[in-house]
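Undergrad: Predicted coordinates and the sequence they were generated for:
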Amino acid sequence: MTYHHGDLRRAMLDATAAEAAKVGVEALSLRALARSLGVTHAAIRHHFSDKRGLLTALATEGYEQLAAHLRPICPDPIEAGMAYIEWMLEKSGHFEVMFKPALVNTKDPNLLVALAKMRAVLAQTASEDAAEEGQRAQFSQRARAAWSIAHGYATLAVSGVFGPFDPAQARATILLLADGMSRPARS
């Protein structure tokens, strides 16, 4: 088998994201992915020690991409929520891995940095008390609520529960839930 793509690491991440979106992360096989790229299983090990290493790299990439996607939208929480949902639908292969800690190396330094960047951006979209850029943001209750709304809707949308994605319906739902966030919390 010969490989002519030039960047096996990139090709492997792309193939993994596509396959995770299609069949789910649990059904991923490194051997099948290697075959689809025309390389040996051993060639993959040059870039990723094992499936966990590959999924950790995919999750890291997802957090980095999501942070970069949301950063220009700050500080509008409604627009950030919509952008979060739309990104998750577009990048469902990454989404399949990003929020499943049992599948990744949660101590990987690159993963931790990427996750901290994404959390900082999300905190800035939902609260005034985010840390300065480059520092780990402390999440306020408002930031947690805003992330929960967008993530919950994205999870349901990616699973197909709502049927075909309707941006107007998503926006109306987020606005309804955000309206509830503006009321004082009950004790």
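TA: Great, that's in hand. Numbers count the residues shown, from 1 in each chain.

Undergrad: Check what contacts stretch 88-101 and list those residues.
TA: The contact list for stretch 88-101, computed with Cβ atoms under 8 Å, 6 or more residues apart in numbering, reads 16-22, 24-25, 55, 58-59, 61-63, 65-66, 103-104, 151, 154-155, 157-158, 165. C-beta: built from backbone N, CA, C; applies to glycine.

Undergrad: which among those residues end up buried?
TA: 16-17, 19-21, 25, 55, 58-59, 61-63, 65-66, 103-104, 151, 154, 157-158 (16 or more other Cβ atoms under 10 Å).

Undergrad: Name the nearest residue to Ala83, sequence neighbours excluded.
TA: Computed as Cβ to Cβ, 6 or more residues apart in numbering, the closest residue to Ala83 that is not its neighbour in sequence is Ile73, at 5.2 Å.

Undergrad: That neighbour: what's it in contact with?
TA: Glu79, Ala80, Ala83, Thr125.

Undergrad: now do Ala18
TA: Contacts of Ala18 (Cβ under 8 Å, 6+ apart): Gly93.

Undergrad: From Ala102, how far out is it?
TA: 22 Å (Cβ to Cβ, to the nearest Å).

Undergrad: got the phi/psi numbers for the residue nearest to Ala83?
TA: Dihedral pair for Ile73: phi -90, psi -20, per degrees, to the nearest 10.

Undergrad: show me where pLDDT drops low in this protein?
TA: Counting by pLDDT under 70, the chain shows low-confidence ranges at 1-5, 126-139, 181-187.

Undergrad: now do 50
TA: 1-2, 128-137 (pLDDT under 50).

Undergrad: For Ala68, grab the count of nearby residues.
TA: Neighbourhood size, Ala68 [other Cβ atoms under 10 Å]: 12.

Undergrad: Which of the helices or strands spans it?
TA: helix 51-70 (DSSP states H and E).

Undergrad: per the record, what domains does the protein have?
TA: Following automatic domain parsing, the chain resolves into domains at 1-48, 51-181.

Undergrad: List the buried residues of the helix or strand in which Glu96 is found.
TA: Using DSSP H and E, Glu96 sits within helix 92-98. By 16+ other Cβ under 10 Å, the buried positions in helix 92-98 come out as Ser92, Gly93, His94, Phe95, Glu96, Val97, Met98.

Undergrad: for this protein, what spans make up the helices?
TA: With DSSP state H as the criterion, the chain has helices at 8-23, 30-37, 41-45, 51-70, 77-90, 92-98, 109-126, 141-159, 167-181.

Undergrad: Could you list the buried residues of the last one?
TA: For helix 167-181, burial by neighbour count (16+ other Cβ under 10 Å) applies to Ala170, Thr173, Ile174, Leu177, Ala178.

Undergrad: what is the orientation angle of that helix with helix 141-159?
TA: 150 degrees (axes from the mean of the first three to the mean of the last three Cα atoms, to 10 degrees).
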